[in-house]
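K.L.:
okay, here's the prediction I keep looking at, along with the sequence it came from:
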Amino acid sequence: MSFRYKSALLSLVSMAAIYAWFFFFLVLHYETGHPFNPVAHLIGTIVALAIIQIVGHAIIAGTSSDKYDRMDERERAFDRRATQVGYYVLIVGALIGIGTLHLGFDGPMVGDAVLFAIVFAECTRQAVFLIAHHRAA
Amino acid sequence: MFPIANIVRAEREARGMTQSELGAAIGLTRQTIAAIEQRHYSPSLEAAFRIARLFGMTVDDLFRWDE
């Protein structure tokens, strides 16, 4: 496995797991009134994700001989494809997020919907990159 | 499988090169060289010329269309 494959896998798993935790409690808060401070939790989520990414990438780099290698044409093609798909997901998600305004959602809920779109788009981008690697392995 | 067949593996092994060495010589990763050899990836025209030039061959010698 190349460094970039491991990096994308770490990013996907850590992001999906941490934001699943955040959105679980957010939905619980909206549905049941469970005590939840969205701003504090969001900051905690971002800090936790940053720490996991930094430590995880340091460990991955220590076990990868190709960590200093630049992306070659094949990986750039995977990256372009992944970014293209992620962009479409982001646009659709953002439009749906904005569309929730017309369903009576208030400002913070629209913001949460857009945040979900951003996170989902990034997870999609990493997933497409990994799938492209698998298909062309 | 991509429609462009090649003899990169045979030529590389004839020169005693590893996939990593070939990749490093032309700016591709070991994984990409492996993918080219297994016809899981068609290299760009530039990469094809680089490989051919390194082996002292023409692109036509190395690659052929094979549907």
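P.N.:
Yes, it's here. Keep in mind it's a predicted model, so treat the numbers as computed, not measured. Numbering: from 1, shown residues only, chains lettered A, B, ... in the order given.
K.L.:
which parts of chain B sit against chain A?
P.N.:
Along chain B, the residues adjacent to chain A under the rule CB under 8 Å from any CB of the partner chain are B:23, B:27-32, B:35, B:40-41, B:43-44, B:46-47. For every residue, glycine as well, the C-beta is placed using N, CA and C.
K.L.:
buried subset of these, written for PyMOL?
P.N.:
Here is the PyMOL command that selects the buried residues among the residues of chain B next to chain A (16 or more other CB atoms under 10 Å in any protein chain shown):
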select buried, chain B and resi 23+28+29+30+31+32+35+40+41+43+47
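K.L.:
pLDDT wise, what is the closest residue to residue B:41 other than its chain neighbours at?
P.N.:
Spatially, and ignoring its direct neighbours in sequence, residue B:41 is nearest to residue B:35 (3.8 Å; CB to CB, 6 or more residues apart in numbering or on different chains). In the prediction, the pLDDT value recorded for residue B:35 is 91.
K.L.:
my read: residue B:35 touches residue B:42, true?
P.N.:
No. Taking CB atoms under 8 Å as the contact criterion, residue B:35 and residue B:42 are not neighbours in contact, 9.3 Å apart.
K.L.:
and the residue nearest to the spatial centre of chain B, what is it in contact with?
P.N.:
With the centre of chain B defined as its mean C-alpha position, the nearest residue by CA atoms, centre = their mean is residue B:8, 4.3 Å away. By CB atoms under 8 Å, 6 or more residues apart in numbering or on different chains, the residues touching residue B:8 are B:22, B:33, B:36-37, B:51, B:62.
K.L.:
pretty sure residue B:64 sits in a helix.
P.N.:
No. If the criterion is DSSP: H, G, I helix; E, B strand; the rest coil, then residue B:64 is strand and not within a helix.
K.L.:
right, I'll call it a day here.
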